[in-house]
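Visitor: give me a model of this one.
(one chain, ligands or ions: 1)
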Amino acid sequence: MTLLLVEDDDILGFALQKALTKSGYTVFHALDGNSARQLWQQQMPELVLLDLGLPHRDGLSLLEQMRQQEGMSTPVIILTARDGLEDRVSGLDRGADDYLVKPFAIDELLARIRALLRRTVPTKARLQFAALVWDAETRTAFIREEILTLTPREALVLESMLTSPRRSVSKERLITLFNSWDRNPGINAVEVTVFRLRRKLAEHGILIETVRSFGYALKVLDDAKIP
Ligand code: CA
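Guide: I've put the predicted structure just below:
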């Protein structure tokens, strides 16, 4: 699961990032409204944690833009020091799904994230591509009901492609995702992982195509049977 954390207080932001990463989330951290917008568009996170008082642009105006102009339905939890009723109401009015008033306990934040994801991502629980089924909850791949054994990196690559509308992923994004585990794993780690995953999928009629100067895309072999 990928989260976007928008928090300009770097001490709080890095502490949250650490705790969330420890809980198994892949976290992108934006320190201001403009980079939040960019990461939101590029990384398509499953959930956004949004502080309201931000440099460059306010969290509420960012939320309004993402919802109304960019059509993003990503679930959003507002994190705010402002505990005024007005802020909460306008946050919810502009499309936030939940809010948490600072200071809060990390356990409460984790519980709210889980609850919101349960509410909002049921349709993504099982993704299908040709003979391949991906169970998002357990992060397990199946081919015709049988588990396809994957390393954590292979699972991450496959998940990234399956959850993207075009069934593709850029090399750049894979490096960023790998980075949340290892420091500087490099392009080589990505290529080796894709090579191995490609071999595992090929025997089931699914191809990973290399898309020049972008990355990779899933394709079905012409003669593969699509259930
Ligand atoms: Ca702030």
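Visitor: surely Leu100 meets Leu110?
Guide: No. Leu100 lies out of contact with Leu110 (C-beta atoms under 8 Å); the separation is 10.9 Å. All C-beta atoms are positioned from the backbone trio N, CA, C, and that covers glycine.
Visitor: where are the low-confidence patches of the protein?
Guide: 82-84, 121-124, 222-227 (pLDDT under 70).
Visitor: element containing the residue in it that the ion sits nearest to, please.
Guide: Minimum separation of the chain from the ion (C-beta to the ion) falls at Gly53, amounting to 3.9 Å. Gly53 belongs to no helix or strand when assigned by DSSP states H and E.
Visitor: next, count neighbours for it.
Guide: Gly53 is flanked by 13 other residues according to other C-beta atoms under 10 Å.
Visitor: all strands of this protein, in order?
Guide: Applying DSSP state E to the chain gives strands spanning 2-6, 26-30, 47-51, 76-80, 98-101, 126-129, 132-135, 140-143, 146-148, 168-170, 206-211, 215-220.
Visitor: for the fifth one, buried residues please.
Guide: Same thing as strand 98-101. Neighbour-count burial for strand 98-101, with 16 or more other C-beta atoms under 10 Å as criterion, is recorded at 98-100.
Visitor: possible to save those residues as a markdown table with distance to Glu209?
Guide: Shown next, in a markdown table, are the buried residues of strand 98-101 (distance: C-beta to C-beta, whole Å):
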| residue | distance to Glu209 |
| --- | --- |
| Asp98 | 39 |
| Tyr99 | 43 |
| Leu100 | 42 |
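Visitor: which one of these is nearest Arg173?
Guide: Using C-beta to C-beta, Asp98 comes nearest to Arg173 of the buried residues of strand 98-101, at 27.1 Å.
Visitor: I'm done for today, thanks for sticking with me.
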